[in-house]
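Asker: Predicted model, plus sequence, below.
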Amino acid sequence: MKEKRRITFTGKNLNDIFKLEPVQCIRKKDGKPLVVLEYGYLQTFRAVAHIGDTLVEYDNGLLEIERK
């Protein structure tokens, strides 16, 4: 499995994040955006990305969330 791209979630790049297939929705909690991902596409058990996290997309379609 080869890394295709990585995107650091800044909270201002919502359009780039929302284009990823595993993204179910983007929500706000305490005024800050969160990215909710579908479990079927995840490499890990984490399903919510917070500002500062990095989303790593692999060539097989899976996604991994790296915590800051």
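Answerer: Right, received. Where do you want to start? Numbers count the residues shown, from 1 in each chain.

Asker: which stretches of the chain form helices?
Answerer: For the chain, the helices defined by DSSP state H occupy 14-18.

Asker: What ranges does it have for its strands?
Answerer: Counting by DSSP state E, the chain has these strands, from start to end: 3-8, 23-29, 32-37, 48-49, 54-58, 63-66.

Asker: and the angle from the longest one to strand 54-58?
Answerer: The one in question is strand 23-29. Strand 23-29 and strand 54-58 meet at an angle of 180 degrees, taking axes from the mean of the first three to the mean of the last three Cα atoms, to 10 degrees as the criterion.

Asker: Pairing partners for strand 23-29, with directions?
Answerer: Strand pairing for strand 23-29, determined by DSSP bridges: strand 32-37 (antiparallel).

Asker: Next: the fifth one.
Answerer: Partners of strand 54-58 in the sheet, by DSSP bridges, are strand 3-8 (antiparallel), strand 63-66 (antiparallel).

Asker: and P22, how far is that from G31?
Answerer: Counting by Cβ to Cβ, to the nearest Å, the gap from P22 to G31 is 24 Å. Every residue, glycine included, has its C-beta placed from N, CA and C.
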